[in-house]
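Asker: following is a predicted model, sequence given first.
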Amino acid sequence: MLVALAVFAGVGEELLFRGAIQGWLAQHTHDAVAIVAASVLFGMVHYLSFTYFLLATGLGVVLGVAYALTDSLLLVMVWHGVYDMIALSASVSGMVWGAGWINQKHIVCSSGWKSPIR
């Protein structure tokens, strides 16, 4: 199930953010503008916390540069899928990237805020 989720997210999101958004912007602006704009949108869609927004935006920049240099959607789809698989595996094992940690009694966010799990 996690593998399918990682694969579908990698394929779908890269078709949207790199293929459609970055691709369209690159035709109408400079590549750097296209990469940054698509990456910020990518980060906003993945907002869990400000920290994770920055992480997702940074990953978007890396994927965007890789796509701009190679013109390979397949490369960034696989790279995204591998990242998602690692992140999902980590969250299932108790860690939530950028948002904090989950233990059996509380969710502890990176800001230090604690919420009981009900």
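Answerer: Yep, it's here.
Asker: neighbouring contacts of the helix or strand in which Gly64 is found?
Answerer: Using DSSP states H and E, Gly64 sits within helix 50-70. Helix 50-70 has contacts (CB atoms under 8 Å, 6 or more residues apart in numbering) with 14, 17-18, 22, 26, 31, 34-36, 38-47, 72-73, 75-76, 79-80, 83, 97-99, 110. The C-beta positions use only the backbone N, C-alpha and C, and glycine is treated the same way.
Asker: for the chain, which segments count as helices?
Answerer: Secondary structure of the chain (DSSP state H): helices located at 2-14, 23-28, 31-45, 50-70, 73-92.
Asker: could these go into a markdown table alongside mean neighbour count?
Answerer: Compiled in a markdown table, these are given as follows (neighbours: other CB atoms under 10 Å):
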| stretch | mean neighbour count |
| --- | --- |
| helix 2-14 | 16 |
| helix 23-28 | 14 |
| helix 31-45 | 18 |
| helix 50-70 | 18 |
| helix 73-92 | 17 |
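Asker: mean pLDDT added to those, as a markdown table?
Answerer: Shown next, in a markdown table, are the helices of the chain (pLDDT from 0 to 100):
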| stretch | mean pLDDT |
| --- | --- |
| helix 2-14 | 88 |
| helix 23-28 | 98 |
| helix 31-45 | 98 |
| helix 50-70 | 96 |
| helix 73-92 | 87 |
